[in-house]
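J.: Predicted structure and sequence below. I'll ask about it afterward.
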Number of protein chains: 2
Amino acid sequence: MEPHEPDLTAVPVTSVLAALADDVRLQIVRALAEGGEAACGSFDFGVSKATRSHHLKVLREAGLTRTRAAGTSRLVRLRRDELNELYPGLLDAVLTQRPPA
Amino acid sequence: MEPHEPDLTAVPVTSVLAALADDVRLQIVRALAEGGEAACGSFDFGVSKATRSHHLKVLREAGLTRTRAAGTSRLVRLRRDELNELYPGLLDAVLTQRPPA
DNA sequence: GGTGTTGTTCGATTATTGTCGAACAAGGGT
DNA sequence: ACCCTTGTTCGACAATAATCGAACAACACC
């Protein structure tokens, strides 16, 4: 099945924001921002692999990530440049880990 | 009743993003960004006043707005400076109206 | 005091979303 | 061919969130 990676300009802002407005997905995005490309399995944030797969789908369909097959794995990466061009400051604002209150 | 306007640093990023990830609330935020302070009743986006009140509460409790009483009305305003300091670029990224796809 | 305006709160309904286990599919070994 | 690893998809269920009408509260004004 084709991964369905939309044109970012075709994704409503609310979908982009909604994709980022989840703790698990935000951790995934942060890991991607730090580590570059990574396999789906590398995101073990206390959820089942079914749930993880779901979150990666949400991120992909919101235009935040791209996925490519590599053997039995799938490598995911952030669409950084596109995001920074279309929503300058958004990623930075979200990625900056602030001290817990 | 006290309006419960939290310290922005105490609000999780996901709550801020979730507050913005709704079409009605995003319209409210845009109206506030353009028009400055406004009464609750001025946001007529096709929802009932109960729903509107609910959305304004979500925005307030996410630290995005402040509310003050003025007669029988309540005036709402964006916490622009604080937002820009804590999440530089976030508001701009979200407020910029892009041409519909 | 009574009336109209402006919002909020309550309770209920509906829609959306997060979560899981189990079944399935595709590859890479050996 | 067989098995193991890696992900995806399929229901199902639980939790969250959006929406509304109606009832309520606060205030202004006459």
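T.: Yep, it's here. Residues are numbered from 1 along each chain as shown, chains lettered A, B, ... in the order given.
J.: Give me the contact list for stretch A:71-91.
T.: Taking contacts as C-beta atoms under 8 Å, 6 or more residues apart in numbering or on different chains, the residues outside stretch A:71-91 that touch it are A:8-9, A:13, A:16, A:29, A:32-33, A:36-41, A:56, A:59-60, A:63-69, B:88-90, B:92-94, B:98. Bear in mind the C-beta positions are built from the backbone N, C-alpha and C, glycine included.
J.: buried sites along it?
T.: A:Arg74, A:Leu75, A:Val76, A:Leu78, A:Arg79, A:Leu83, A:Leu86, A:Tyr87, A:Gly89, A:Leu90, A:Leu91 (16 or more other C-beta atoms under 10 Å in any protein chain shown).
J.: Next: stretch A:23-40.
T.: By neighbour count with 16+ other C-beta under 10 Å, stretch A:23-40 contains the buried residues A:Val24, A:Arg25, A:Leu26, A:Ile28, A:Val29, A:Ala31, A:Leu32, A:Ala38, A:Cys40.
J.: which parts of chain A sit against DNA strand D?
T.: Proximity of chain A to DNA strand D, by C-beta under 7 Å from any atom of the strand, involves residues A:1, A:39-42, A:49-50, A:52-54, A:56-57, A:67, A:72-74.
J.: Adding distance to chain B, write the buried residues of stretch A:23-40 out as a markdown table.
T.: Putting the buried residues of stretch A:23-40 into a markdown table (distance: C-beta to the nearest C-beta, whole Å) gives the following:
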| residue | distance to chain B |
| --- | --- |
| A:Val24 | 10 |
| A:Arg25 | 9 |
| A:Leu26 | 6 |
| A:Ile28 | 13 |
| A:Val29 | 11 |
| A:Ala31 | 15 |
| A:Leu32 | 16 |
| A:Ala38 | 21 |
| A:Cys40 | 21 |
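J.: Next, check those residues against the helices and list the overlap.
T.: Using DSSP state H, the members of these that fall in helices are A:Val24, A:Arg25, A:Leu26, A:Ile28, A:Val29, A:Ala31, A:Leu32.
J.: and of the residues you listed, the nearest to DNA strand C?
T.: A:Val24 (4.7 Å; C-beta to the nearest atom of the strand).
J.: how about the closest one, what does it touch?
T.: Applying C-beta under 8 Å, 6+ apart, one finds that A:Val24 lies in contact with A:Phe45, A:Val47, A:Thr51, A:Arg52, A:His55.
J.: Could you tell me which of those count as buried?
T.: Among the contacts of A:Val24, those that count as buried by neighbour count (16+ other C-beta under 10 Å) are A:Arg52, A:His55.
J.: with the contacts of A:Val24 in mind, which one is nearest to B:Leu20?
T.: The closest of these to B:Leu20 turns out to be A:His55 (C-beta to C-beta; 19.3 Å).
J.: Now do the phi/psi pair for the closest one.
T.: The phi and psi torsions at A:His55 (degrees, to the nearest 10) take the values phi -60, psi -40.
J.: Then A:Gly35?
T.: Taking degrees, to the nearest 10, you get phi -100, psi 0 for the backbone angles of A:Gly35.
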